[in-house]
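Trainee: How does the following fold in three dimensions:
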Amino acid sequence: MIFDDWRSWTHNKNNALLIAGPCSAESPEQLMQVGTHLSQLGIGVMRAGAWKPRTRPNSFEGKGVEALKWLKAVKQQVPIKVATEVATPQHAEAALKYGIDILWIGARTTVNPFLVQEIANAVEGVDLPILVKNPINPDLALWQGALERIYNTGNKKIAAIHRGFSSYQKSKFRNTPSWQIAIELKSNFPSLPLICDPSHIAGNRDMIFEVSQKALDLGYDGLMIETHPNPEQALSDADQQVTPEGLSKIISQLRFAKKHSNDALFISQLEQLREKIDLIDQELIEVLSLRKQLIEKIGDYKKENNVTVFQLERWNEILNSRTAWGNGKNLTSEFIQEIYKAIHDESIRIQTEIMGQETEKKK
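Mentor: Below is the predicted model:
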């Protein structure tokens with residue numbers, strides 16, 4: 001699939017696509033104040049939620065169509081495009097009626113292919129940018145499927161928004177980034193604009209700069225940052241919104257790196273380093289192959305002696321010792337543990353397969 005460059009549908013010549021605005025549209029005054037500030041900062045798109053699907057009822061769930069009227073009024077007075085979330089085809093139709101420039105499909109909607117298809121049907125034939133957030137759970141196929149459903153309408157003005165994923169594990173993030181999933185999406189669709197939502201990943205305004213810079217360093221095309229005139233008084237997601245002044249400070253400190261360089265010395269040095277990495281990776285593959293052979297022998301011994309595949313004590317020993325070894329080589333605990341969890345999963349798969357072969361023989 002070939003997608004349009006985001007600059008073609010934002011008319012933005014900046015290094016990155018910057019979208020900002022309140023989590024929720026709360027009043028016409030709030031939107032006008034934020035829109036004016038954003039325009040002064042050179043930000044071409046203001047986001048604001050008209051409908052706010054909440055986890056539990058009896059809380060603020062947005063102003064709906066009334067908010068669309070406010071957004072329309074802002075774009076009539078301020079040189080800025082406006083964007084809002086749509087969760088149903090009825091939302092999409094209402095947004096189109098009031099001249100909303102950009103729509104996005106939220107994480108709770110992306111998980112439902114039926115609903116995504118209904119929205120796709122509602123916007124078919126409409127020349128309007130559609131942004132698709134990742135699903136709540138780390139499911140790349142669902143994310144890709146939602147993008148494909150919109151693309152199949154003939155629309156190439158599409159971008160993906162990475163807002164992080166829910167996780168049962170404790171984390172400093174509100175939603176775990178799982179950067180590798182977004183990177184794989186970009187690898188599958190190289191021309192797809194990829195936007196980071198650091199507000200939802202962080203869940204804490206103090207971490208927004210850190211997450212934003214990480215995304216830019218990974219080559220993301222843009223950022224969507226929640227901005228509110230008075231975050232402490234916000235009716236939703238107060239902790240993760242910044243003031244327009246705070247947003248200005250974040251932008252001024254961000255480093256916008258180039259994705260490519262034509263400098264001959266840089267290219268030469270980069271190629272030399274990459275050649276060394278290739279050699280090391282070949283050695284890694286050889287070592288992993290040798291390890292696999294040993295795992296197969298262990299599987300045979302366990303099968304012969306009727307011993308369970310999973311050995312908790314041994315797994316804890318491996319995890320603790322390898323983490324310590326990695327720390328001694330300036331490798332983070334998280335990095336080492338992720339690697340060995342993947343290795344352990346493969347070891348379990350191999351040994352389980354060997355056990356299954358014995359079962360098949362008995363049949």
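
Trainee: which residues touch stretch 280-300?
Mentor: 309, 343, 346, 347, 350, 351, 353, 354, 355 (CB atoms under 8 Å, 6 or more residues apart in numbering). C-beta: built from backbone N, CA, C; applies to glycine.

Trainee: run the last query once more with 7 Å
Mentor: 347, 350, 351, 354 (CB atoms under 7 Å, 6 or more residues apart in numbering).

Trainee: just for this protein, where's the confidence low?
Mentor: 13, 54-56, 358-363 (pLDDT under 70).

Trainee: can you give me the helices in it?
Mentor: 6-10, 28-40, 65-77, 89-97, 107-110, 113-123, 140-151, 179-188, 198-202, 208-217, 244-253, 264-304, 312-328, 333-362 (DSSP state H).

Trainee: what angle do the last one and helix 264-304 make?
Mentor: Put plainly, it is helix 333-362. Interaxial angle of helix 333-362 relative to helix 264-304 (axes from the mean of the first three to the mean of the last three CA atoms, to 10 degrees): 40 degrees.

Trainee: buried residues in helix 333-362?
Mentor: 336, 337, 340, 343, 344, 347, 350, 351, 354, 355 (16 or more other CB atoms under 10 Å).

Trainee: now the fourth one: how far from residue 313?
Mentor: Which is residue 343. Look at residue 343 and residue 313: by CB to CB, to the nearest Å, they are 17 Å apart.

Trainee: for the first one, same thing?
Mentor: According to CB to CB, residue 336 stands 19 Å off from residue 313.

Trainee: what does residue 120 give?
Mentor: Counting by CB to CB, the gap from residue 120 to residue 313 is 52 Å.

Trainee: between the two, which one's more packed in?
Mentor: residue 120 (22 against 7; other CB atoms under 10 Å).

Trainee: So that one sits against residue 151, correct?
Mentor: No - with contacts counted by CB atoms under 7 Å, residue 120 stays clear of residue 151, the gap being 8.9 Å.

Trainee: Residue ranges of each domain in this structure, please.
Mentor: 6-253, 264-362 (automatic domain parsing).

Trainee: ok, and which of these has the densest surroundings?
Mentor: The highest mean neighbour count among the domains of the chain, using mean count of other CB atoms under 10 Å, belongs to domain 6-253: a mean of 19.

Trainee: Ends of it, what's the gap?
Mentor: End-to-end span of domain 6-253 (CA to CA, to the nearest Å): 23 Å.

Trainee: repeat for stretch 169-182
Mentor: Using CA to CA, first and last residues of stretch 169-182 are 19 Å apart.

Trainee: ditto for stretch 295-315
Mentor: Span of stretch 295-315 from end to end, CA to CA: 13 Å.

Trainee: Show me what the residue positioned nearest the centre of the chain is bridged to.
Mentor: Closest residue to the average C-alpha location of the chain: residue 162 at 2.0 Å, with CA atoms, centre = their mean. Applying DSSP bridges to residue 162 gives these bridge partners: residue 196.

Trainee: Now distance to residue 19 too, for the helices of the chain, in JSON lines please.
Mentor: Shown next, in JSON lines, are these (distance: least, CB to CB, whole Å):
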{"stretch": "helix 6-10", "distance to residue 19": "9"}
{"stretch": "helix 28-40", "distance to residue 19": "9"}
{"stretch": "helix 65-77", "distance to residue 19": "14"}
{"stretch": "helix 89-97", "distance to residue 19": "16"}
{"stretch": "helix 107-110", "distance to residue 19": "16"}
{"stretch": "helix 113-123", "distance to residue 19": "19"}
{"stretch": "helix 140-151", "distance to residue 19": "18"}
{"stretch": "helix 179-188", "distance to residue 19": "17"}
{"stretch": "helix 198-202", "distance to residue 19": "11"}
{"stretch": "helix 208-217", "distance to residue 19": "12"}
{"stretch": "helix 244-253", "distance to residue 19": "11"}
{"stretch": "helix 264-304", "distance to residue 19": "31"}
{"stretch": "helix 312-328", "distance to residue 19": "38"}
{"stretch": "helix 333-362", "distance to residue 19": "30"}
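
Trainee: show me the contacts for residue 245.
Mentor: Counting by CB under 7 Å, 6+ apart, residue 245 has no contacts.

Trainee: Mind doing that once more with 10 Å?
Mentor: Shown in contact with residue 245 (CB atoms under 10 Å, 6 or more residues apart in numbering): 37, 227, 229.

Trainee: ok, now residue 93?
Mentor: Contacts of residue 93 by CB under 10 Å, 6+ apart are 86, 119, 122, 123, 126.
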